[in-house]
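Participant: could you look at this predicted model? Sequence included:
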Amino acid sequence: MISFIVPAYNEEPLIGRTLAAIQAAARETAEPCEVIVVDDGSTDRTAKVAGESGARVVSVHYRQIARTRNAGARAAAGEILVFVDADTIITPSTLRATLAALDAGAVGGGASLRLDGRIPWHGRLLLLLVRTGMRLGQLAAGCYLFCTRAAFEAAGGFDERLFATEEIALSRALARQGRVVILRETVESSGRKLRTHSGWEILRMMSAVARHGPRVLRSRERLELWYGSRRTDPEPRTTGGHGQP
């Protein structure tokens, strides 16, 4: 069975479409599956929309993505774990390629990444660097990461000391268990962080990570891009029926 694990914090506007895409992709494969939304202390209708969309909701209050994803893995019953962010759209072709890679002996991996909407120049440059690094380093983007349960448990799951880059740490840990692949097939994630944060803000955060390394990555307060107050996206994605744009 495939367990789709969706961590979410105040994702009412986007999560309905994400879950619909997961369910449509799963139907195409005809594989048994479950969808688990791990609601990490949302103050909006995220949990309600998830339940109405057919997902099982697990409630936690961590405000830390690594712990939230691990909570979903503990609740999951599947032999295959697929972690999908609440603002990310997957396709049937990407899921089919995921299952084919695992059938061919891979222990885990990710997909190529694209972002929705208008992306400012600094965001396009950052996305190019991220894509190149993912491909060369066989590193999965956090918005879509898959693995076998056996490899996930052998790797120790997501590193709960980290508030960011936990997907990179897990990709490296999975690579010690076997082959990790980055698919050519894509997923589409929200570009809102790059639209709502200036190039200077992003550069300042990246510089802090480069200077101080793990100290920054282990501090929620120093990671504004991920844990700061949600800013209004000038190009919100519509949901196709759930939530508000």
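Facilitator: All right, it came through fine.

Participant: pLDDT (mean, whole number) over stretch 2-13?
Facilitator: Averaging pLDDT along stretch 2-13 gives 96.

Participant: meant to ask about stretch 43-58
Facilitator: Averaged over stretch 43-58, pLDDT sits at 97.

Participant: span of that stretch from start to end?
Facilitator: Start-to-end span of stretch 43-58 (Cα to Cα, to the nearest Å) is 15 Å.

Participant: who touches it?
Facilitator: Outside stretch 43-58, the residues that touch it by Cβ atoms under 8 Å, 6 or more residues apart in numbering are 6, 8-12, 15-16, 19-20, 23, 34-39, 59, 71-72, 75, 86, 242-243. C-beta: built from backbone N, CA, C; applies to glycine.

Participant: which among these end up buried?
Facilitator: Among the contacts of stretch 43-58, the ones that count as buried by 16 or more other Cβ atoms under 10 Å are 6, 8-12, 15-16, 19-20, 34-39, 71-72, 75, 86, 242-243.

Participant: from the contacts of stretch 43-58, which ones fall inside helices?
Facilitator: Among the contacts of stretch 43-58, the ones falling in helices (DSSP state H) are 12, 15-16, 19-20, 23, 71-72, 75.

Participant: just these now: which is nearest V181?
Facilitator: Nearest to V181 out of these is G72 (Cβ to Cβ; 22.1 Å).

Participant: wait, that closest one sits on V35?
Facilitator: No - taking contacts as Cβ atoms under 8 Å, G72 lies outside contact range of V35: 10.1 Å.

Participant: anything in contact with each of these two?
Facilitator: Common neighbours of G72 and V35 (criterion: Cβ under 8 Å, 6+ apart): V6.
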